[in-house]
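Peer 1: kindly return the folded structure for what I paste below:
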Amino acid sequence: MRINTHILVLAVLGQATLCAREWKNTAGRAVAGDILGVESGNVVIQLPNKQRAALPLANLSETDLSWVRTWLKGKPRTQWLPAPVWPESVQQPEIHVQALAHDKRGYGFTSPHYDFNCDAEISASVMNDFATVAEGTVRLMQALPIHFPRAESRTFYARIYQNREGYERSGGPPGSGGVYMTADLSGQGVLLVPFESLGIEQFGGRNTKSLSYKATVLIHEMVHQSTAELLQLMPKWVAEGMAEYGANMTYRNGAFSLGERDRLQALRQRLEYYENINREVAAKAFAAPARTAAGRTNNTPVKLPAFWVMRPSELVTKDEIAWSTEGSGRASQIQLHRMYLSSLFLMYYFMHIADHAETRRLRVYFDDIAEMSLYLRTKGAQGNVPDELKTRSKISLKVIQDHFTGQLVGPDGLAALDADFHAKFTAMGFRIGE
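Peer 2: Predicted structure coming up:
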């Protein structure tokens, strides 16, 4: 049935309002479809075959542009967006690295997006696996319905160290399992990780994977690399929450499983690990007497938290220094574990629970800080700065972080976020503190 373009037909599909019409570009070519939203300079429509198409606003006829302006009028930006499309899985075919000539810097390998360097000889099969994880993480980040910096022509750098001494000498923070270091908003930086964080051991005179091998540290730090241009504009809970989100996804042989069942199972398993510490013998290890920096025994037992996941208001207001891995004592370790776990849960909330599970605030958040990053990198020649910040004579990174965090938290504030966070996760069977 042909739809009269002068009649506005409304139908509710989830949270989207569909407006069937015929669209024309400046050359007069037409396509029929229902508007789903406006995103990244495109009108996103649903075609009669239920597929999506993106029509560049710059190519639309003046009549259609006027119609779009009317459709957008009065809507908050979060309601401009089409509902997201979540992939069920992201598959990365096995990568076979290219070995470079050994020199004084170590052993080098390359893959499409990565330049690896190891300070000790390592088997090609292990490097192939690392490269598959790395390229798979890049592919994962590009597959999410959030606009992260594009990776097509970028090269990422990773340095892998045989021992912790070499790792820390190159800048790895004491007590950390890995680190991504960058000094500015250019996106240039380097990932550092020691063998012990990856489960690499010597066998038959060669460095190869042990039974404890795991990819989570690599994925975590590689997520940081994928968002490097934005890192300094994010508070720690956002940056670490996104990295934990990626690392917590079920990964096996180059494939990330992203279906709802897989996501929830992985989240439950992560929380269960910590709750087992409270219930079983492992709790004794955490609560055992610890030695001070002077070598004296501290007999004060460490109290384990009744709930490992913090309230959002508690996490969001943590100072940057609280995230340091250099704190001594078991209490500091427990606090750090709680913050990383809590950042994962809060990121999951914004990804899959808030905004009717349509990731709307988070998508706008990353779009906005990308514009702000571009504005700062080009000294105002490109990008955009929010009106609320334009009137300030000086804009610190903390001011920028707080501004965009306020938008992400929402107009009702942290108390409302706490209540909704608790109610939603409790309804799903998670033990979340009040």
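Peer 1: can you pull the buried residues of stretch 135-152?
Peer 2: 135-146, 148-149, 151 (16 or more other C-beta atoms under 10 Å). Quick note: C-beta positions are derived from backbone N, CA and C, even for glycine.
Peer 1: any idea which helix or strand comes after the longest helix along the chain?
Peer 2: Scanning the chain for the longest helix, with DSSP state H as the assignment, gives helix 330-352. Counting by DSSP states H and E, the next helix or strand C-terminal to helix 330-352 is helix 354-357.
Peer 1: alpha carbons only: can I get the helix or strand following that next one in CSV?
Peer 2: The helix or strand immediately downstream of helix 354-357 is helix 360-377, counting by DSSP H and E. Below are the C-alpha coordinates for helix 360-377, written out as CSV (Å, rounded to 0.1, in the frame of the first residue of the first chain):
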residue,chain,number,x,y,z
ARG,A,360,20.4,7.0,25.1
ARG,A,361,22.2,9.1,27.8
LEU,A,362,25.4,7.2,27.3
ARG,A,363,25.4,7.6,23.5
VAL,A,364,24.8,11.4,23.9
TYR,A,365,27.5,11.5,26.5
PHE,A,366,30.2,10.0,24.3
ASP,A,367,29.1,12.1,21.3
ASP,A,368,29.4,15.2,23.4
ILE,A,369,32.9,14.5,24.9
ALA,A,370,34.1,13.5,21.4
GLU,A,371,33.0,17.0,20.2
MET,A,372,34.7,18.6,23.2
SER,A,373,37.9,16.6,22.6
LEU,A,374,38.0,17.7,19.0
TYR,A,375,37.4,21.3,20.1
LEU,A,376,40.3,21.1,22.5
ARG,A,377,42.7,19.3,20.1
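Peer 1: pull the distance from helix 360-377 to the chain's centre.
Peer 2: Chain-centre distance of helix 360-377: 14 Å, with C-alpha atoms, centre = their mean, to the nearest Å.
Peer 1: which elements pack onto the helix or strand following that helix?
Peer 2: Following helix 360-377 in sequence order, the next helix or strand is helix 387-390 (DSSP H and E). Contacts defined by 3 or more C-beta pairs under 8 Å, 6 or more residues apart in numbering; DSSP states H and E place helix 387-390 against helix 397-409.
Peer 1: could you give me the buried positions within the helix it packs on?
Peer 2: Across helix 397-409, burial judged by 16+ other C-beta under 10 Å covers 400-401, 403-405, 407-409.
Peer 1: adding pLDDT and distance to A306, write these out as a markdown table.
Peer 2: Output for the buried residues of helix 397-409, formatted as a markdown table (pLDDT from 0 to 100; distance: C-beta to C-beta, whole Å):
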| residue | pLDDT | distance to A306 |
| --- | --- | --- |
| I400 | 93 | 35 |
| Q401 | 94 | 30 |
| H403 | 93 | 34 |
| F404 | 95 | 32 |
| T405 | 94 | 27 |
| Q407 | 91 | 32 |
| L408 | 93 | 28 |
| V409 | 93 | 25 |
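Peer 1: between those, which sits nearest W308?
Peer 2: W308 has its nearest neighbour among the buried residues of helix 397-409 in V409, at 21.8 Å by C-beta to C-beta.
Peer 1: right, and that closest one touches A415 too?
Peer 2: No - using C-beta atoms under 8 Å, V409 is not in contact with A415, being 10.1 Å away.
Peer 1: quick one: the helices in the stretch 1-150 of the chain?
Peer 2: Secondary structure of the stretch 1-150 of the chain (DSSP state H, counting those that start in this stretch): helices at 62-72, 124-143.
Peer 1: buried deepest among those helices, which one?
Peer 2: Of all those, helix 124-143 carries the top mean neighbour count, a mean of 21, counting by mean count of other C-beta atoms under 10 Å.
Peer 1: can you list the strands that the following helix or strand past that one pairs with?
Peer 2: Next helix or strand after helix 124-143 toward the C-terminus (DSSP H and E): strand 156-161. Strand pairing for strand 156-161, using DSSP bridges, gives strand 114-118 (parallel), strand 189-194 (parallel).
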